[in-house]
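S.K.: Sequence unavailable; structure follows:
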């Protein structure tokens, strides 16, 4: 592999962040396709700081490198075709001290080995991310034959489009969002770095989220043509003390996820029977049933529970459906499910292709 050098010896950090403007197409790490390395979508609901390509000294330039601070998406080597896009502060912006090193560093940091090194350097508790200081201290290899391999790397980089064809990007210029009068947008104000709420796929894009309620009439013992009612204490199907007719409360189907709504933390269970959603619980119904176990595991995880504790408010802490829909499901949660399902043969992800070219 050759000797190693600290990344900070060959790059500088680019500042120049400005507040995001209404209707800007903002690229986040979750908007980069791990298969191709191109931008596949932008966020229309982004709130936070962004960087833009421009003429100012602290603006982004063609040839700069954007390294995701969260997740394992490929790095972006900026091209002229990226003009007009804004990039979230979910990326760490780097400027190679020598132009040719940008391609080399893009390949190293986007390869499978580079992704593992980056993910292994992520720190934090509630919202984990890679810090600029840690990234600059990351060792990168210096190959003796780098000039020989550069043409192949440049060819691969040139084959990566800045923006995918048919990507959900241009329309974001014209989408207007209205803040909810109910105040459900308070999540954007509750975090020091609200951009992390969009570093993943919104749960609301993957599932329907509804709230249970107290049945208009119920029984304390089972009766014919009644269903058990899940509430806070019986979210997992045990200690059921309430039964009601099927139309008395929202229906829960086998495979639906039931989440305790009250409290800074809440239990999560996947229903194994037909039942009803009672008071103090939320029901999450995955659009793709195969996703349900992975979504339940994520909602039970320490990171999701800590995020929940950071966001909910009120004298009696209560998780609302609107807030739960905003939870960002990490890319690895979705990819773990995708890998278990049979798929047609597709090109290798960019990370694997770079791994083979660099070290194969």
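M.R.: Yep, it's here. Everything numeric in this text was worked out from a predicted model, so none of it was measured. Residues are numbered from 1 along each chain as shown.
S.K.: Any stretches of the stretch 251-360 of the chain with poor pLDDT?
M.R.: Along the stretch 251-360 of the chain, the model assigns pLDDT under 70 to residues 313-315, 336-346, 360.
S.K.: now do 80
M.R.: 303, 310-317, 331-332, 334-347, 359-360 (pLDDT under 80).
S.K.: The stretch 51-200 of the chain now?
M.R.: Within the stretch 51-200 of the chain, the stretches with pLDDT under 80 are 56-57, 123-128, 142-147, 165-200.
S.K.: If we use 50, what do you get?
M.R.: Scanning the stretch 51-200 of the chain with the threshold set as pLDDT under 50 gives 170-193.
S.K.: Let me see the ranges of the helices in it.
M.R.: 101-110, 112-120, 132-136, 146-159, 187-190 (DSSP state H, counting those that start in this stretch).
S.K.: Out of those, the one nearest residue 81 is which?
M.R.: Closest approach to residue 81 among the helices of the stretch 51-200 of the chain (CB to CB): helix 146-159, 11.4 Å. (Each C-beta comes from the backbone N, C-alpha and C, glycine too.)
S.K.: rewinding a little: for the helices of the stretch 51-200 of the chain, which one ends up most surrounded?
M.R.: helix 101-110 (a mean of 24; mean count of other CB atoms under 10 Å).
S.K.: one step back: between the helices of the stretch 51-200 of the chain, which one is closest to residue 225.
M.R.: helix 187-190 (40.8 Å).
S.K.: And the helix or strand following that closest one, what does it pack against?
M.R.: Counting by DSSP states H and E, the element after helix 187-190 in chain order, helix or strand, is strand 201-202. Contact partners of strand 201-202 among helices and strands, from 3 or more CB pairs under 8 Å, 6 or more residues apart in numbering; DSSP states H and E: strand 328-329.
S.K.: From the chain's centroid, how far away is the strand it packs on?
M.R.: Using CA atoms, centre = their mean, to the nearest Å, the mean C-alpha position of strand 328-329 is found 5 Å from that of the whole chain.
S.K.: Show me the strands paired with that strand, marking each as parallel or antiparallel.
M.R.: Strand 328-329 pairs in its sheet with strand 201-202 (antiparallel), by DSSP bridges.
S.K.: mind listing what's buried in the helix or strand just after the partner strand?
M.R.: Using DSSP H and E, the helix or strand that follows strand 201-202 in sequence is helix 203-206. Residues 203, 204, 206 are the ones in helix 203-206 that count as buried (16 or more other CB atoms under 10 Å).
S.K.: Please tell me how far residue 25 sits from residue 18.
M.R.: If you measure residue 25 against residue 18 using CB to CB, to the nearest Å, the figure is 15 Å.
S.K.: tell me how far the ends of stretch 223-243 are from each other?
M.R.: 8 Å (CA to CA, to the nearest Å).
S.K.: If you could redo that for stretch 15-22, that was the one I meant.
M.R.: The straight-line separation of the ends of stretch 15-22 (CA to CA) is 21 Å.
S.K.: Could you give me the buried positions within it?
M.R.: In stretch 15-22, counting by 16+ other CB under 10 Å, buried: 17, 20.
S.K.: And the contacts of it?
M.R.: 26, 46-52, 54, 56, 58-60, 86, 88-89, 93, 176 (CB atoms under 8 Å, 6 or more residues apart in numbering).
S.K.: rerun at 6 Å
M.R.: 26, 46, 49, 50, 51, 58, 59, 89 (CB atoms under 6 Å, 6 or more residues apart in numbering).
S.K.: Could you dump the buried residues of helix 203-206 into TSV and include distance to residue 80 and pLDDT?
M.R.: Converted to TSV, the buried residues of helix 203-206 look like this (distance: CB to CB, whole Å; pLDDT from 0 to 100):
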residue	distance to residue 80	pLDDT
203	36	89
204	35	88
206	34	90
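S.K.: Which member of those is positioned nearest residue 13?
M.R.: For the buried residues of helix 203-206, with residue 13 as the reference and CB to CB as the criterion, the closest is residue 203, at 32.7 Å.
S.K.: Residue 284 contacts residue 209, doesn't it?
M.R.: Yes - the criterion here is CB atoms under 6 Å, and residue 284 meets it with residue 209 at 5.4 Å.
S.K.: Pretty sure residue 333 sits against residue 292.
M.R.: No - contact between residue 333 and residue 292 fails when scored by CB under 6 Å: they sit 11.6 Å apart.
S.K.: Next, the buried residues of stretch 19-35.
M.R.: Here stretch 19-35 shows 20, 24-35 as buried, counting by 16+ other CB under 10 Å.
S.K.: Kindly reformat these as CSV containing secondary structure.
M.R.: As requested, the buried residues of stretch 19-35 are exported to CSV (DSSP: H, G, I helix; E, B strand; the rest coil):
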residue, secondary structure
20, coil
24, coil
25, coil
26, strand
27, strand
28, coil
29, helix
30, helix
31, helix
32, strand
33, coil
34, coil
35, coil
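S.K.: Angles on the backbone of residue 4, please.
M.R.: Dihedral angles phi and psi of residue 4 (degrees, to the nearest 10) take the values phi -110, psi 150.
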